[in-house]
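# the sequence and its predicted three-dimensional model are supplied below.
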Amino acid sequence: MNRPPVNSLNTEHLEQLHRALVRLENEKCRGMILSSSSPTVFSAGLDIREMYKPELEKARKFWRTLQDMWLKLYSTPYPTVAAIHGHAPAGGCLLALSCEYRVIVPNVKIGLNETQLGIVAPQWFQDCMRNVIGERQAEKALIAGHMFNTEQALQVGLVDEVAADKAACIARAEAFLASQANLPLLARKTVKLGFRNSTLSRLMTGREADTKIFIEYIFQPKVQKGIELYLQSLSKKSG
Ligand SMILES: CCCCCCCCCC/C=C/CC(=O)SCCNC(=O)CCNC(=O)[C@H](O)C(C)(C)COP(=O)(O)OP(=O)(O)OC[C@H]1O[C@@H](n2cnc3c(N)ncnc32)[C@H](O)[C@@H]1OP(=O)(O)O
């Protein structure tokens with residue numbers, strides 16, 4: 001990902017990611033490392049400005065593009081690793097959770113923090129967390145909107161490995177891909193999809209309902225007020 005300053009996910013960036021995933025699949029790619037050009041941020045999650053006073057059709061397109069990108073990422077036939085050498089809140093955490101393996105560096109925060117922002121992580125975000133860390137830990141983390149530090153993320157199983165720095169993180173991600181390289185492709189892909197199918201189907205069969213929930217939620221005046229205040233707090237911080 002290379003969308004400075006924080007790889008926030010707007011419609012255009014989501015489309016780019018989606019196109020890249022389609023191209024990799026068409027080219028029979030043998031593995032992907034999802035990484036960031038930023039030295040300190042993996043992805044800041046959804047671009048909050050896409051949810052602030054949007055036009056209805058633009059907001060619908062934004063959400064459908066996110067759904068498209070995620071459905072592709074979660075179901076790739078090739079192995080995927082997240083090299084998390086920077087913070088990964090909310091949608092950034094979703095990207096990492098959607099890969100098959102996660103390597104992280106020290107001093108990083110990662111989690112589905114939506115509750116803390118007064119918004120709600122959609123059901124499929126929640127499913128991804130549950131599938132990785134289990135029901136009990138996911139429930140606790142999501143209710144609190146907990147951001148895990150590196151050590152906590154490893155302990156709870158949110159990530160698989162810690163590496164010293166970006167170079168080591170990429171090297172460990174490559175080692176994971178190498179460990180998968182000799183597995184029969186069809187068997188590997190079939191098992192992966194078997195595990196992920198119920199989570200994928202839940203969104204695929206309820207896409208329109210999920211979009212409607214998103215739209216009705218963000219168009220509420222009190223949610224808009226919350227987004228406005230949050231945007232102000234973010235830009236004050238950097239100002
Ligand atoms: C049953 C009911 C169901 C209801 C369902 C409703 C569904 C609602 C949708 C819910 C889904 C939400 C998922 C999300 O992903 S929401 C996004 C959450 N993300 C965050 O909270 C991250 C916020 N950012 C940070 O914490 C930090 O920026 C950082 C990532 C830790 C990096 O810190 P750093 O100090 O390096 O950088 P700055 O904070 O100074 O930021 C630099 C500039 O980038 C702007 N910025 C940061 N994050 C975002 C963002 N997510 N979107 C847009 N812009 C962002 C920040 O304002 C600075 O801009 P400036 O320089 O112009 O001021």
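Perfect, thanks for sending it.
# up against the ligand, what does this protein have?
For the chain, the residues in contact with the ligand (C-beta under 6 Å from any ligand atom) are 5-6, 8, 40-41, 44-49, 87, 89-91, 113-114, 117, 119-120, 122, 213-214, 217-218, 234-235, 237-238. Any C-beta I mention is one placed from the backbone N, CA and C, and that applies to glycine too.
# now the helices for this protein?
Listed in chain order, the helices of the chain (DSSP state H) span 11-26, 56-74, 91-98, 123-133, 135-144, 150-156, 166-180, 185-204, 207-218, 221-238.
# residue ranges with poor pLDDT in the protein?
The chain contains residues with pLDDT under 70 at 237-239.
# what residue in it comes nearest to the ligand?
Gly45 (2.6 Å; C-beta to the nearest ligand atom).
# that residue: how many residues sit nearby?
25 (other C-beta atoms under 10 Å).
# that one contacts Ala96, correct?
No: judged on C-beta atoms under 8 Å, Gly45 makes no contact with Ala96 at a distance of 10.8 Å.
# which neighbours do those two share?
Ala88 (C-beta atoms under 8 Å, 6 or more residues apart in numbering).
# can you put the helices of the chain in TSV and add mean neighbour count?
Below are the helices of the chain laid out as TSV (neighbours: other C-beta atoms under 10 Å):
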stretch	mean neighbour count
helix 11-26	16
helix 56-74	18
helix 91-98	27
helix 123-133	20
helix 135-144	15
helix 150-156	17
helix 166-180	17
helix 185-204	13
helix 207-218	15
helix 221-238	12
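# please convert these to CSV, extending it with distance to Ile33.
CSV is the format used below for those (distance: least, C-beta to C-beta, whole Å):
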stretch, distance to Ile33
helix 11-26, 11
helix 56-74, 13
helix 91-98, 12
helix 123-133, 18
helix 135-144, 25
helix 150-156, 18
helix 166-180, 4
helix 185-204, 17
helix 207-218, 28
helix 221-238, 28
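# beta partners of the residue nearest to Leu154 when sequence neighbours are not counted?
The shortest distance from Leu154 to any non-neighbouring residue, by C-beta to C-beta, 6 or more residues apart in numbering, is to Val162 (5.6 Å). Counting by DSSP bridges, Val162 is bridged to Ile104.
# could you pull up the residues touching Val162?
Shown in contact with Val162 (C-beta under 8 Å, 6+ apart): Val103, Ile104, Val105, Pro106, Thr150, Glu151, Leu154.
# would you confirm that Lys72 contacts His18?
Yes: in this structure, Lys72 is within contact of His18 by C-beta under 8 Å, at 5.9 Å.
# for Cys29, see how far away Val22 is.
Counting by C-beta to C-beta, to the nearest Å, the gap between Val22 and Cys29 amounts to 11 Å.
# then Thr80?
10 Å.
# then Tyr217?
In terms of C-beta to C-beta, Tyr217 sits 36 Å off from Cys29.
# rewinding a little: neighbour-wise, which of Thr80 and Cys29 wins?
The residue with more neighbours, out of Thr80 and Cys29, is Thr80; 26 against 16, by other C-beta under 10 Å.
# partners of the more buried one in the sheet?
Going by DSSP bridges, Thr80 forms beta bridges with Met32.
# measure it to Asn149 for me?
24 Å.
# just give me the neighbour total for Val81.
Neighbour tally, Val81, other C-beta under 10 Å: 27.
# show me what contacts it?
Here Val81 is in contact with Gly31, Met32, Ile33, Leu34, Cys99, Glu100, Tyr101, Arg102, Val103, Ala173, Phe176, Leu177 (C-beta under 8 Å, 6+ apart).
# same thing but 10 Å
Residues near Val81 by C-beta atoms under 10 Å, 6 or more residues apart in numbering: 31-35, 96, 99-103, 160-161, 169-170, 172-177, 180.
# same question, Ala178
Gly31, Pro79.
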